[in-house]
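Chemist: here is my input; please provide its structure:
(4 chains)
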There are 2 protein chains.
Amino acid sequence: MKVDIKKFDFESNRILSSLSKSEQELFIAHGDTLIFKRNKLVFYEGGIPTGDFLIENGRAKIYKTGLDGKDQIFYIYKTGDLLGYHALLCNEHYEDSCEALEDCKILFISKSNFKSLIKKIPHLSQLLIQNMSHEFGVLVNTITILAQKPLRERLALYLLILNKKYVEQGGDIMLPREDLANIIGTARESLGRLLKEFKEEKLIEVDNKIIRVNNHDKLLKIASSVYH
Amino acid sequence: MKVDIKKFDFESNRILSSLSKSEQELFIAHGDTLIFKRNKLVFYEGGIPTGDFLIENGRAKIYKTGLDGKDQIFYIYKTGDLLGYHALLCNEHYEDSCEALEDCKILFISKSNFKSLIKKIPHLSQLLIQNMSHEFGVLVNTITILAQKPLRERLALYLLILNKKYVEQGGDIMLPREDLANIIGTARESLGRLLKEFKEEKLIEVDNKIIRVNNHDKLLKIASSVYH
DNA sequence: GTCAAAATGTGATAAATGTTACATTTTACA
DNA sequence: TGTAAAATGTAACATTTATCACATTTTGAC
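Modeler: You can find the predicted model right below:
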């Protein structure tokens, strides 16, 4: 059986997109648009949440920094996604950090505004519950992959996931090698070796920063451990 | 900085325990007590959720079976915990399986009963949201550990986590080696070797199935990568 | 209690991945 | 546009972890 790439998608854009037109307008009216330049922190591990964020444009990574200083990236949010509400809703400090991967336009909704939105839009709670339930499944899948799959399969899988996430750029993945290494849980050098192999096998094309998926089917087979 | 064991606890018992006495009674009145013998499946990956579960007594593991047949266990629930509501609430199939680790008494709450409970107990949604938000942080921490820490540190950490989870048994961890291996993401043989090392270093005592933590502080240091 | 099946321990070996130490290329910005 | 800093590539080598093939012990069912 083949791996299902959809099972690695939070679908955090569905929270807003499930609202009616007028509710969406109300939602947006409760926020302020902020600009985050590439590499700027949106929030950070240990910080106190003051609101949540809707990405109007761009991509951002969420990650944790390990004790040895190595980052583990566990999700990349993109345009339309709502994020940062977890720590807010359980009244805890941020468990993770968020950083813009490119210049981003982000709508900030303050804690009090978010709470009043939850009151004004009755089924927003329901949507949040649904989304978090779904996220649970995604994280569980992620754990299984990271704990069990060898590097080669993890890379193949995440190239496909990222390919989809960069669909607006024609599927061209543009991510620093270090970030990609921190997604699949390996060292930058090991990643480099594997990328070269994939390139030689004509599964991908690498044009400096850009990684282009050339052979989706074969990568899917590798990701699904059926390349014998 | 030392690892914080509390950050690996779902605290899924807080959902019920946060309710008032009368709400708790209402909750329990909406369920039926079932008996699950050791090794019996409570629900399984791919199945359609029909309700959720409150453990009245015993422990159960949730896990996913990888394509190669190897299980990845990502949480162990115990007495008082409410579980199985994720797939129910996002109307998806179960993403994971649940199996009793010991003979369990489990209260089953059917989907319709759960929904009517959510209506009858207004802040239950709120508690679910809080708990899922918290779970998100736990899973994120789990991912970071599994992806970054070497085996020795992962084992030390999970021995401490399990020690706490078996506190009613005086902290005696009683879990098949294979399950422990599937928690820390390694092979049974590698786990065995490490347990022997820990035993020789007098960090733990092993009495057949039972693993007893002897030196909590030292294990915490190992788990926190500060044993140089 | 007996006995087969399941679980666990052990050691040799192989494979995967990390580490180190640089060379080279690209990028940012003065 | 030049230049230093950052990012990336590369190769040798070390280390960790998995795998294999069994021996041994424990468990559960009769």
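Chemist: make it CA atoms for all contacts and neighbour counts henceforth
Modeler: Will do.
Chemist: correct me if wrong: A:Arg212 contacts A:Ile173.
Modeler: Yes - contact criterion C-alpha atoms under 8 Å: A:Arg212 and A:Ile173 qualify, at 6.3 Å.
Chemist: which residues are in contact with each of the two?
Modeler: Common neighbours of A:Arg212 and A:Ile173, using C-alpha atoms under 8 Å, 6 or more residues apart in numbering or on different chains, are A:Asn163.
Chemist: which one's more surrounded, these two?
Modeler: Neighbour count, other C-alpha atoms under 10 Å in any protein chain shown: between A:Arg212 and A:Ile173, A:Ile173 has more, with 23 against 19.
Chemist: DNA strand D versus that one, what's the distance?
Modeler: 11 Å (C-alpha to the nearest atom of the strand, to the nearest Å).
Chemist: same check, this time on A:Ser97
Modeler: Using C-alpha to the nearest atom of the strand, we find A:Ser97 at a distance of 17 Å from DNA strand D.
Chemist: check that residue and give its pLDDT.
Modeler: Note for A:Ser97: predicted pLDDT of 96.
Chemist: run through the bridge partners of it.
Modeler: A:Tyr63 (DSSP bridges).
Chemist: residues contacting it?
Modeler: Going by C-alpha under 8 Å, 6+ apart, the list of residues near A:Ser97 reads A:Leu41, A:Val42, A:Phe43, A:Tyr44, A:Glu45, A:Ile62, A:Tyr63, A:Lys64.
Chemist: quick one: the strands in chain A?
Modeler: With strands called from DSSP state E, chain A shows them at A:31-36, A:41-43, A:51-57, A:60-65, A:71-77, A:82-83, A:97-100, A:104-110, A:173-174, A:204-207, A:210-213.
Chemist: including neighbour count, could the contacts of A:Ser97 go into TSV?
Modeler: Shown next, in TSV, are these (neighbours: other C-alpha atoms under 10 Å in any protein chain shown):
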residue	neighbour count
A:Leu41	16
A:Val42	21
A:Phe43	19
A:Tyr44	19
A:Glu45	16
A:Ile62	26
A:Tyr63	26
A:Lys64	22
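Chemist: between these, which sits nearest DNA strand C?
Modeler: A:Leu41 (15.0 Å; C-alpha to the nearest atom of the strand).
Chemist: can you name the residues that contact the nearest residue to the closest one once chain neighbours are set aside?
Modeler: Distances taken as C-alpha to C-alpha, 6 or more residues apart in numbering or on different chains place A:Glu99 nearest to A:Leu41, at 4.3 Å, with adjacent residues excluded. By C-alpha under 8 Å, 6+ apart, the contact list for A:Glu99 reads A:Arg38, A:Asn39, A:Lys40, A:Leu41, A:Val42, A:Phe43, A:Ala60, A:Lys61, A:Ile62.
Chemist: how far away is A:Glu99 from A:Leu89?
Modeler: Plainly put, A:Glu99 is 21 Å away from A:Leu89 if you go by C-alpha to C-alpha, to the nearest Å.
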